[in-house]
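>>> Based on what follows, work out the 3D shape:
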Amino acid sequence: MWIMTTRGFFSAVQHKTKPRWLVVRARCEDDIYNLAALLPRHAVPVYGAGTDYPWRVTCTRAAWDKALLALSKEVIYTNFKASITDKRHHDAYLRVWSALLALEDARDKIVDSGHYLTRVDDTDTDTDTDTDTDTDTDPERLQATIDSLFTAFTAKK
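Predicted structure coming up:
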């Protein structure tokens, strides 16, 4: 499960050997400590203990449920993207949002407008062919967008 919050980006997965436990991973140190503040004291962030996510914390499913409830109570904004004050996170989240836009109805057109993708309707009358492209749902291009998200999260501050 991927979760993007104002506290950070997290990937929660089943613990390999403990069915009642989860491993919650993060790409940024600040993110994992922001999450750990919502977990019991025994849930200590660990660096470099696994796969492509440098930070992780293990917790029970019950502790995760409580953390998710706390995170849901922090939804006090009307526009999630606008609520993200850290530029690196904002830009990365925006790229994820743009990549997921391609999942919408295939009849939607996707136009590359620089650093992110935006949807336009079929009545678009812009005749400037230098800036418009045909529908762009090329899997390689979408993967490149996702890859740049991971690069943004792992870049040094």
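
>>> Contacts only, for the nearest residue in space to residue 48 that is not next to it in sequence.
For residue 48, ignoring the flanking residues on the chain, the nearest one in space by C-beta to C-beta, 6 or more residues apart in numbering is residue 54 at 5.9 Å. C-beta coordinates here come from the backbone N, C-alpha and C atoms, glycine included. Applying C-beta atoms under 8 Å, 6 or more residues apart in numbering, we find residue 54 in contact with 26-27, 47-48, 154.

>>> how far away is the nearest residue to residue 55 once chain neighbours are set aside from residue 67?
Among residues not flanking residue 55 along the chain, residue 32 sits closest, at 4.0 Å (C-beta to C-beta, 6+ apart). Residue 32 is 12 Å from residue 67, where distance means C-beta to C-beta, to the nearest Å.

>>> still on that earlier bit, just give me the closest of the contacts of residue 54 to residue 73.
Taking C-beta to C-beta as the measure, residue 73 sits nearest to residue 26 out of the contacts of residue 54, at 20.4 Å.

>>> Please name the residues that touch that closest one.
For residue 26, the contacting residues are 8-11, 32, 35, 53-56, by C-beta under 8 Å, 6+ apart.

>>> What is the most widely separated pair among the residues you listed?
Distance extremes for the contacts of residue 26: the farthest pair is 35 and 54 at 14.1 Å, using C-beta to C-beta.

>>> circling back to that earlier point, give me the pLDDT value at the residue nearest to residue 48.
Here, the pLDDT recorded for residue 54 equals 96.

>>> and the residue nearest to residue 55, what helix or strand is that in?
According to DSSP states H and E, residue 32 maps onto helix 29-36.

>>> I'd like the next helix or strand past that helix.
Assigned by DSSP H and E, the successor of helix 29-36 is strand 46-47.
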